[in-house]
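Visitor: After the sequence you'll find the predicted model.
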Amino acid sequence: MAEKRNAKYYVFKDKPDFKPPAWEHLTSPGFTRRLAYIDEETVPGAEFGCESLWLLPGGKSREGRKMMDAHASPHGTFIGFFGYNYEDIHDLGAEIEFHIGGEKHTIKKSFAAFIPEGLEHGPLIIRNIRRPVFHFIARPCGEGIGKKYA
């Protein structure tokens with residue numbers, strides 16, 4: 001069977017030899033299971049990239065894991081955390097402490113947030129994971145960094 005011409009846009013695994021920025025702490029055996037990573041290297045020409053992973057209950061999740069240090073990005077960033085509870089899809093199944101613009105927010109519901117360019121965000125700490133939590137973060141990459149879309 002011939003390979004489909006648009007199959008190159010699908011990513012079914014994490015980026016090989018992924019090296020996160022110094023402020024990001026998303027890789028931790030037994031706590032995270034990385035799924036897929038898209039950037040201009042994994043999908044040549046991509047202007048928008050993402051990371052996706054599962055956060056797992058148990059281990060040190062009860063006392064808290066710092067996933068992100070405070071930092072500001074030169075572009076907007078989408079960040080989301082979604083709980084795995086069929087009975088209540090808004091129940092995060094965990095607690096997140098997330099600082100945005102110096103304000104501390106304690107979140108116990110599934111959520112998505114948009115962080116504008118230049119706005120400091122972090123630290124981000126996740127505690128008391130009772131159920132798996134899906135985490136997704138998306139931002140411009142490659143030629144998309146600094147590009148403004150009309």
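Guide: Arrived safely.

Visitor: Doesn't Gly30 belong to a strand?
Guide: No. Under DSSP: H, G, I helix; E, B strand; the rest coil, Gly30 sits outside any strand and is assigned coil.

Visitor: from memory it sits against Trp54, does it?
Guide: No. Using Cβ atoms under 8 Å, Gly30 is not in contact with Trp54, being 11.7 Å away. All C-beta atoms are positioned from the backbone trio N, CA, C, and that covers glycine.

Visitor: From the neighbour counts alone, determine which of those two ranks first.
Guide: Trp54 (14 against 10; other Cβ atoms under 10 Å).

Visitor: can you tell me which helix or strand the nearest residue to that one once chain neighbours are set aside belongs to?
Guide: Nearest in space to Trp54, with sequence neighbours left out and distances taken as Cβ to Cβ, 6 or more residues apart in numbering, is Arg33 at 4.4 Å. If you go by DSSP states H and E, Arg33 is part of strand 32-38.

Visitor: before we move on, the earlier item: tell me the contacts of the residue nearest to Trp54?
Guide: Leu53, Trp54, Leu56 (Cβ atoms under 8 Å, 6 or more residues apart in numbering).

Visitor: Following the chain onward from the longest strand along the chain, which element is next?
Guide: Ordering each strand of the chain by length in residues (DSSP state E) puts strand 91-100 first. Remark: after strand 91-100, the chain's next helix or strand is strand 103-109, criterion DSSP H and E.

Visitor: quick one: buried residues of that next one?
Guide: Ile107 (16 or more other Cβ atoms under 10 Å).

Visitor: Kindly format the C-alpha coordinates of the helix or strand just after it as PDB.
Guide: Downstream of strand 103-109, the first helix or strand assigned by DSSP H and E is strand 111-115. Taking C-alpha atoms only, strand 111-115 is exported to PDB below (Å, rounded to 0.1, in the frame of the first residue of the first chain):
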ATOM      1  CA  PHE A 111      -9.000  24.000  32.700                       C
ATOM      2  CA  ALA A 112      -7.300  25.700  29.800                       C
ATOM      3  CA  ALA A 113      -5.500  29.000  30.000                       C
ATOM      4  CA  PHE A 114      -3.900  31.400  27.500                       C
ATOM      5  CA  ILE A 115      -0.800  33.200  28.800                       C
END
